[in-house]
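In: starting from these lines, generate the structure:
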Amino acid sequence: MEISEKAAFGIAACCSYLEISRPTLYRLMDSGQIRSFHIGRRRLILREDLDGFLQAQLAAS
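Out: All right, here's what the predicted structure looks like:
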């Protein structure tokens, strides 16, 4: 499955999708700019939340 077809991303895939570092992603999650949730031990982020974050960044610039 290609990355663009996924509904949710793990941390590494999310960093790749946004082209940001792990520390930056964790900062964004800690500040509430990107929502995340756990399934078992995995932390996941919905693609729609990532796309919403990108749209907000575009609108702010």
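In: make it CA atoms for all contacts and neighbour counts henceforth
Out: Noted.
In: what mean pLDDT would you report for the helix ranked longest in the chain?
Out: The longest helix of the chain (DSSP state H) is helix 47-60. When pLDDT is averaged along helix 47-60, the result is 95.
In: which of the three states applies to the closest residue to Gly10 other than its chain neighbours?
Out: Nearest non-adjacent residue to Gly10, counting by Cα to Cα, 6 or more residues apart in numbering: Leu44, 4.8 Å away. State at Leu44, reduced to three classes by DSSP: H, G, I helix; E, B strand; the rest coil: strand.
In: ok, Leu25 to Cys14 distance?
Out: Per Cα to Cα, to the nearest Å, Leu25 is found 8 Å from Cys14.
In: and Ile34, that one's in a helix?
Out: No: using three-state DSSP, the secondary structure at Ile34 is coil, not a helix.
In: ok, Arg22 - contacts?
Out: By Cα atoms under 8 Å, 6 or more residues apart in numbering, the contact set of Arg22 is Ile11, Ala12, Cys15.
In: okay, those residues in JSON lines with pLDDT and secondary structure next?
Out: Below are those laid out as JSON lines (pLDDT from 0 to 100; DSSP: H, G, I helix; E, B strand; the rest coil):
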{"residue": "Ile11", "pLDDT": "97", "secondary structure": "helix"}
{"residue": "Ala12", "pLDDT": "96", "secondary structure": "helix"}
{"residue": "Cys15", "pLDDT": "97", "secondary structure": "helix"}
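In: closest to Arg35 among these?
Out: Nearest to Arg35 among these is Ile11, at 12.0 Å by Cα to Cα.
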